[in-house]
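here is the input, now give the coordinates:
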Amino acid sequence: MTDYNYHSTALEGFNTNCGRVSGPSLWEISRSYFKNEARHEFLGEAALFAVVIFTAFLPLISNAHTLVEFVRAISNY
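Purely as a prediction, here's the structure:
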């Protein structure tokens, strides 16, 4: 059901800053994070990062070895 009698009202004297609540800046949020939370999670994140890097590195080495073998095989012809 639609209200056809609706009329928007003009808000005279309304200022966009009147309802603004000052919050912490991005700099303060990141400083707080690195000061409190990042210290506790650093070792776990570093270990997970090492596992991801190792997992990504193995196929690259395998592909490089296969490419070297392919070049060796076609260089005889």
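
hey, let's count contacts and neighbours off CA atoms from now on
OK.

quickly note the distance from the residue of the chain positioned farthest from its centre to residue 70.
Taking CA atoms, centre = their mean, the residue of the chain most remote from its mean C-alpha position is residue 77, at 49.1 Å. Per CA to CA, to the nearest Å, residue 77 is found 12 Å from residue 70.

equivalent analysis for residue 36, please.
Distance from residue 36 to residue 70, by CA to CA: 52 Å.

and for residue 40?
Residue 40 is 47 Å from residue 70, by CA to CA.

for the protein, which helix is longest?
As assigned by DSSP state H, the longest helix anywhere in the chain is helix 38-75.

against which helices or strands is it packed?
If you count contacts as 3 or more CA pairs under 8 Å, 6 or more residues apart in numbering; DSSP states H and E, helix 38-75 packs onto no helix or strand.

starting at the chain centroid, how far to it?
Relative to its parent chain, helix 38-75 has a centroid offset of 22 Å by CA atoms, centre = their mean, to the nearest Å.

quick check: mean pLDDT across it?
What helix 38-75 shows for mean pLDDT is 91.

tell me how far residue 27 lies from residue 67.
47 Å.

between the two, which one's more packed in?
Shown here are residue 27 and residue 67; by other CA atoms under 10 Å, residue 67 has more neighbours (12 against 9).

ok, the more buried one to residue 7 distance?
In this view, residue 67 and residue 7 are 72 Å apart by CA to CA.

kindly report the same for residue 26.
40 Å.

and residue 30, how many neighbours?
13.

what kind of secondary structure is residue 6 in?
Classification of residue 6 using DSSP: H, G, I helix; E, B strand; the rest coil returns coil.

burial measure for it, as a count.
The number of residues near residue 6, taken as other CA under 10 Å, comes to 7.

ok, now residue 24?
The burial count for residue 24: 9, using other CA under 10 Å.

now swap in the one 5 residues further on and tell me
The criterion is other CA under 10 Å. On that basis, residue 29 has 12 neighbouring residues.

equivalent analysis for residue 38, please.
14.

contacts only, for it.
By CA atoms under 8 Å, 6 or more residues apart in numbering, no residues touch residue 38.

noted, bye for now.
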